[in-house]
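Chemist: 3D model of this:
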Amino acid sequence: MYFLAVDTATNSGGVALARNAELIGTVQIKRPLEYSEHLLSQVEFLLGQFELALEEIDAFVVASGPGSFTGLRIGMATVKGFCQSLDRPVSGVSTLEALAYRFRHVSHRVAPMIDARRQQVFGAVYEVDEGGKALLIDPERVEPPARWLATLPGERCLFVGDGAQMFASTVASLRSKDLLIRSDNTILPELCLLGYHRFVRGEVGDAGSLTANYVRPSDAELAIADSTS
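Modeler: Numbering: from 1, shown residues only. Now for the predicted structure:
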């Protein structure tokens with residue numbers, strides 16, 4: 001079976017192709033403002049390298065957020081269109097879950113941090129294993145890093161992602177016994193693997209069931225709220 005994964009939610013997005021649980025190709029572009037211009041050509045290029053047609057993809061996986069609102073809409077709309085036209089199943093995977101799963105070989109408890117701008121981070125705490133599961137220990141939130149770190153469970157964990165790198169000094173001061181890896185937000189291989197495991201477990205849906213995980217209101221919604229308060 002072939003799985004096609006799409007990530008336009010993070011700043012390390014692109015597309016990836018897997019055969020069952022084996023990653024066989026990726027095309028990455030770290031220019032989020034250009035996702036809308038290049039996503040379809042990336043898909044075409046990647047499939048072309050393996051002489052595959054889109055109709056030969058058996059299931060799709062998409063990063064469902066949190067992340068860039070504009071980026072999320074691009075990826076979700078594209079994958080929904082694929083699934084509707086081809087009648088294929090799809091799995092939406094949290095960007096934070098996938099980022100935590102990326103470091104499953106380093107620590108069983110991982111706290112992904114993604115830059116949310118406005119001096120805030122998207123963060124959560126997961127317990128991960130190698131069997132395709134990531135158990136949410138502390139809920140996904142968007143907060144200033146110091147406030148978020150101060151409320152986390154006391155168990156040691158590993159902080160990862162561009163948010164951890166950006167606020168490394170804050171992590172060190174508030175969680176001095178924990179570990180931190182300076183990393184980007186690349187999750188394409190993990191999307192493929194998590195999507196495969198979910199497909200095997202029957203945890204997939206159709207295009208109509210796919211929803212974005214924004215975590216916070218959009219800037220436009222915040223502006224409306226401010227104007228009416």
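
Chemist: what mean pLDDT does the host helix or strand of Leu96 get?
Modeler: Element membership for Leu96 (DSSP states H and E) is helix 95-102. Regarding helix 95-102, the rounded mean pLDDT is 98.

Chemist: please apply the same query to stretch 112-119.
Modeler: Computed over stretch 112-119, the average pLDDT equals 96.

Chemist: convert that stretch to PDB, retaining C-alpha atoms only.
Modeler: Provided in PDB are the C-alpha atoms of stretch 112-119 (Å, rounded to 0.1, in the frame of the first residue of the first chain):
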ATOM      1  CA  PRO A 112       7.200  19.300  21.600                       C
ATOM      2  CA  MET A 113       7.300  23.100  21.300                       C
ATOM      3  CA  ILE A 114       6.500  24.900  18.100                       C
ATOM      4  CA  ASP A 115       6.800  28.600  17.700                       C
ATOM      5  CA  ALA A 116       3.300  30.100  17.600                       C
ATOM      6  CA  ARG A 117       4.600  33.700  17.200                       C
ATOM      7  CA  ARG A 118       3.400  36.500  19.600                       C
ATOM      8  CA  GLN A 119       6.100  35.200  22.000                       C
END
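
Chemist: ok so, going back, starting at the chain centroid, how far to the helix holding Leu96?
Modeler: Distance, stretch centre to chain centre, for helix 95-102: 6 Å (C-alpha atoms, centre = their mean, to the nearest Å).

Chemist: again with stretch 26-43
Modeler: 15 Å.

Chemist: and it, end to end?
Modeler: 10 Å (C-alpha to C-alpha, to the nearest Å).

Chemist: and the pLDDT at the nearest residue to Gly205 once chain neighbours are set aside?
Modeler: Nearest residue to Gly205 in three dimensions, chain neighbours excluded: Val90, at 6.4 Å (C-beta to C-beta, 6 or more residues apart in numbering). C-betas here are computed from N, CA, C, even on glycine. Confidence at Val90, expressed as pLDDT, is 98.

Chemist: after the helix holding Leu96 comes which helix or strand?
Modeler: Following helix 95-102 toward the C-terminus (DSSP H and E): strand 109-117.

Chemist: the one helix or strand Ala5 maps to pairs with which strands?
Modeler: Applying DSSP H and E as the criterion places Ala5 in strand 2-7. Strand 2-7 sits in its sheet next to strand 14-19 (antiparallel), strand 59-63 (parallel), going by DSSP bridges.

Chemist: what comes up buried for the helix holding Leu96?
Modeler: Within helix 95-102, the residues that count as buried by 16 or more other C-beta atoms under 10 Å are 95-102.

Chemist: same thing with stretch 14-29?
Modeler: 14-18, 23, 25-27, 29.

Chemist: same question, stretch 207-217
Modeler: Applying 16+ other C-beta under 10 Å to stretch 207-217 flags 207, 210, 212-216 as buried.

Chemist: which helices and strands does the biggest helix by length in the chain pack with?
Modeler: Using DSSP state H, we find that the single longest helix of the chain is helix 69-86. For helix 69-86, the packing partners by 3 or more C-beta pairs under 8 Å, 6 or more residues apart in numbering; DSSP states H and E come out as strand 2-7, helix 35-49, strand 59-63, strand 90-93.

Chemist: which residues touch it?
Modeler: Here helix 69-86 makes contact (C-beta atoms under 8 Å, 6 or more residues apart in numbering) with 4, 6-10, 13, 32, 35-36, 39-40, 54-55, 57, 60, 62-65, 88-90, 92, 206-207, 210, 212, 214, 218-219.
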